[in-house]
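> this one's structure only:
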């Protein structure tokens, strides 16, 4: 049975159609990525699937229960970590997870045991008895994630779980998501970061302005757009000659400048060695070579005509580049 | 994959209510000075009204010679109204900050979530009530006796629950702390358009008409009886009925608003 | 243009901003008008029999007596509100913009007080209208009304100075807001709501010397009995006293604010 089934889901606010007839299916045990820019309808969709918002059209089932008619059963089956970490700054981390356990109906002793285990798991055991208001952003997200897991939910909803986090914290969250999925939890993940969807998701749906514009595995979506290409610059030798050599391996693409050669290849990294060997045999030296793969942003641009926002670069790294 | 085993319904509900009440007490214990406004406001009103209007007892027809005895139950109930309305403000803050989503996404029934906030307000209201009572007794208010005291405290706790339902309804409707003045003003109007300042026959005609239909008049008279005379069931039951009626109406409204948050 | 004229232009500009801010936020204005009106209605309805007490000043109605007290409550809340607005400016960094401009510091405070004075003016008009609508009379007619409006507006500005001083000293809107109970205390310890002679000790003793009592009597006199020069003089002197206190506190607080940044 699929973990999530969505048919023609719609949501109107006053006269604005924020979600316009979304259809999707999430298999049990998969990580499903819901990718789109700010304002696309991701959070609205998640709020409908987690029963926080009533749809104005269509239907959806989560863990086999209708989100409108069997809302309580849905809530008993899901864990949710929303975009704004819903935490109480006056509570300690341990108190918060124990409260969550109580809200989920877990017996007291079981709730306490689960709280301790989860705090260990998300590396918050030392900070567990400090107030949440003293936690960093990354710690708060980890606590929010732990709270969502206290009752071992069948389906876990993560709404932009790494927005605003530094790269290290982001990677920690990614690892935790993978581990959860390995243990059998279905994960519905919304994100505006293509790398996150690319890295984590088994299947991705791309949403823009309330509509699903593309759906499939990350690889199949990128393959729809095209193959990777090799971008190379010569140290010495004739460009025309190099182009003739490369055209025997892949399809030449229009160059961006007089010294750059672009050749589309079917086998990705496997063709790099072929290109280098062929050019070497022809006595042509390569100064630089790069395999450029299509990204989900390319998919997004192809479907919508505009780009997804880029991941934020840490300030220190860009300073080094400038130096 | 199966979710973890859970308690039977009623036990889970009780545990949730207790946990939410425990959370509510953090506001008092972990925020320095948080208890002060709730205690200060009714105390200031008591001292102020007593100092300003105390001479009203000289009017023919006033039911007692000691204004502090007359007014202390009003101040205790004002404290209840203030505390309950503050619960509404806290809920509005929780909604604004996303905390309420955590509660709404859990399988706990909506009435359980509401009961946690309302019962916490009831318990909390006993603090300013006790403070005002002690001040009043020091100033010479009559000792109400155990019966009168218990009745007064019951009225305070129930009034706080009524106020919390009112405040919560507004919080859930407007989803904003800017509704706070409406929460406070509503309770102030409800509690003071009664025999708060003077006996019924000494009120101005328009106020007398309002006080006659205002259910909180019976609540005040029930809370007041021990302080100005003896207690009787005849003086008590109208106040109990009034509070139950208000709880049913405002509780139903609050529950409806809570269920409509997803709309 | 002379320096004074230039500075007055600055005061006018900041004053207009302050007035616009004040009247564009109904949710902040409402408590300043709604609460005192509610209390006025409740107290006249509940304690209106007081006019039958021996020694109560001769009035047509308790409303006629209480109007001045309601105006006082409103202007005190306006002063508190002005302090909150200034504290918000400090928290948001807007005052830094003003401090770094080539303008005298006093124009910043004076501009803020213009908003408070506007609220006081509005409050005076509002309660006079309420009084007339609900059957109270103004004994000294138009002259009495004008005196009441002038005194209330001036007092609002004076009290606003104290609110501004607290805002400058603390830089925190929530601290200024937390002083609201003090407003009630000061009012209860004055003759705002009841004749001083009929109050109960120790409130009575404190009210006798409370400067606000002199202001209230100055506002109330023309409404209930007539214009009394001595009463007016006492009111004006009391207002001046509050102004001086406000100025002194504001000047100190301003120096502190400029020091700490």
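Structure's in. What do you need? Worth saying up front: this structure is predicted, and the values here are computed from it rather than measured.
> quick one: pLDDT of the spatially most central residue of chain B?
Residue closest to the mean C-alpha point of chain B, counted by C-alpha atoms, centre = their mean, is residue B:160 at 2.0 Å. With respect to pLDDT, residue B:160 scores 97.
> quick one, what contacts it?
Shown in contact with residue B:160 (C-beta atoms under 8 Å, 6 or more residues apart in numbering or on different chains): B:80, B:81, B:83, B:84, B:87, B:121, B:122, B:124, B:125. C-beta here means a position set from N, CA and C on the backbone, and glycine is covered the same way.
> could you redo the last one with a cut-off of 7 Å?
Applying C-beta atoms under 7 Å, 6 or more residues apart in numbering or on different chains, we find residue B:160 in contact with B:80, B:83, B:84, B:121, B:122, B:125.
> where's it relative to residue B:82, distance?
From residue B:160 across to residue B:82, the span is 9 Å (C-beta to C-beta, to the nearest Å).
> show me the shaky parts of chain A.
Applying pLDDT under 70 to chain A flags residues A:307-323.
> what does it put close to chain C?
By C-beta under 7 Å from any C-beta of the partner chain, no part of chain A sits against chain C.
> nearest residue to the middle of chain A?
For chain A, residue A:197 is the residue whose C-alpha lies nearest the centre (C-alpha atoms, centre = their mean; 2.7 Å).
> one step back: nearest residue to the residue nearest to the centre of chain B other than its sequence neighbours?
residue B:125 (3.4 Å; C-beta to C-beta, 6 or more residues apart in numbering or on different chains).
> pretty sure that neighbour sits in a helix.
Yes: assigned with DSSP: H, G, I helix; E, B strand; the rest coil, residue B:125 falls within a helix.
> that one: neighbour count?
Each residue near residue B:125 was counted by other C-beta atoms under 10 Å in any protein chain shown, and the total is 31.
> against chain A, how distant is it?
As defined by C-beta to the nearest C-beta, to the nearest Å, residue B:125 lies at a distance of 20 Å from chain A.
> contact partners for that residue?
Applying C-beta under 7 Å, 6+ apart, we find residue B:125 in contact with B:79, B:80, B:83, B:84, B:156, B:157, B:160.
> report the two of those separated the most.
B:79 and B:157 (11.2 Å; C-beta to C-beta).
> still on that earlier bit, look up how far residue A:64 lies from the residue nearest to residue B:160.
With C-beta to C-beta as the criterion, residue B:125 and residue A:64 are 44 Å apart.
> one step back: possible to save the contacts of residue B:125 as CSV with secondary structure?
Formatted as CSV, these follow (three-state DSSP):
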residue, secondary structure
B:79, helix
B:80, helix
B:83, helix
B:84, helix
B:156, helix
B:157, helix
B:160, helix
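> buried subset of these?
Among the contacts of residue B:125, the ones that count as buried by 16 or more other C-beta atoms under 10 Å in any protein chain shown are B:79, B:80, B:83, B:84, B:156, B:157, B:160.
> show me what the helix or strand bottoming out on mean pLDDT in chain B packs onto, helices and strands only.
Here the helix or strand of chain B ranked lowest by mean pLDDT, DSSP states H and E is helix B:35-53, holding a mean of 89. Packing partners of helix B:35-53 (3 or more C-beta pairs under 7 Å, 6 or more residues apart in numbering or on different chains; DSSP states H and E): helix B:67-96, helix B:110-138, helix C:180-188.
> any idea how far that helix is from the middle of the chain?
Remark: helix B:35-53 is offset 16 Å from the chain centroid, using C-alpha atoms, centre = their mean, to the nearest Å.
> also stretch B:136-150?
Distance, centroid of stretch B:136-150 to centroid of chain: 20 Å (C-alpha atoms, centre = their mean).
> and what of stretch C:35-53?
Here stretch C:35-53 is found 21 Å from its chain centre; the criterion is C-alpha atoms, centre = their mean.
> which parts of that stretch are buried?
Buried residues in stretch C:35-53, counted by 16+ other C-beta under 10 Å: C:35-51, C:53.
> over to stretch B:139-158?
Buried positions in stretch B:139-158, judged by neighbour count with 16+ other C-beta under 10 Å: B:139, B:141-142, B:144, B:148, B:151-158.
> what about the residue in the stretch 151-263 of chain B that chain A sits nearest to, neighbour count?
Closest residue of the stretch 151-263 of chain B to chain A, C-beta to the nearest C-beta: residue B:262 (4.8 Å). Neighbour count of residue B:262, defined by other C-beta under 10 Å: 17.
> name the nearest residue to it, ignoring sequence neighbours.
Spatial nearest neighbour of residue B:262, excluding adjacent residues (C-beta to C-beta, 6+ apart): residue A:54 at 4.8 Å.
> ok, now which ones touch the one you found?
Residues in contact with residue A:54, defined by C-beta under 7 Å, 6+ apart, are A:68, B:262, B:263.
> so it: helix, strand or coil?
coil.
> got phi/psi on it?
With angles defined as degrees, to the nearest 10, residue A:54 sits at phi -90, psi 130.
> show the contacting residues for the residue of the stretch 151-263 of chain B closest to chain A.
A:51, A:52, A:53, A:54.
> from chain C, how far off is it?
Look at residue B:262 and chain C: by C-beta to the nearest C-beta, they are 26 Å apart.
> just residue A:222 next, same as before
Noted for residue A:222: a distance of 46 Å to chain C, by C-beta to the nearest C-beta.
> next one: residue B:263
According to C-beta to the nearest C-beta, residue B:263 stands 24 Å off from chain C.
> where along chain C do the helices fall?
Here chain C has its helices, by DSSP state H, at C:3-23, C:26-47, C:62-92, C:94-99, C:105-133, C:141-170, C:173-177, C:180-188, C:203-209, C:211-224, C:229-260.
> to residue A:206, which of those lies closest?
Across these, residue A:206 has its closest neighbour in helix C:62-92 (39.1 Å, C-beta to C-beta).
> ok so, going back, filter the contacts of residue B:262 down to the buried ones.
Here, 16+ other C-beta under 10 Å leaves A:51, A:52, A:53 buried among the contacts of residue B:262.
> for the nearest residue to residue B:201 once chain neighbours are set aside, what are phi and psi?
In space, and not counting its chain neighbours, residue B:201 is closest to residue B:61: 5.5 Å by C-beta to C-beta, 6+ apart. When read as degrees, to the nearest 10, the backbone of residue B:61 gives phi 100, psi 0.
> equivalent analysis for residue A:161, please.
phi -70, psi -20.
> for it, grab the count of nearby residues.
By other C-beta under 10 Å, 28 other residues sit near residue A:161.
> ok, it touching residue A:140?
No: using C-beta atoms under 7 Å, residue A:161 is not in contact with residue A:140; the gap is 11.2 Å.
> identify each buried residue in stretch B:162-182, please.
For stretch B:162-182, by 16+ other C-beta under 10 Å, it's B:162-175, B:177, B:179-182.
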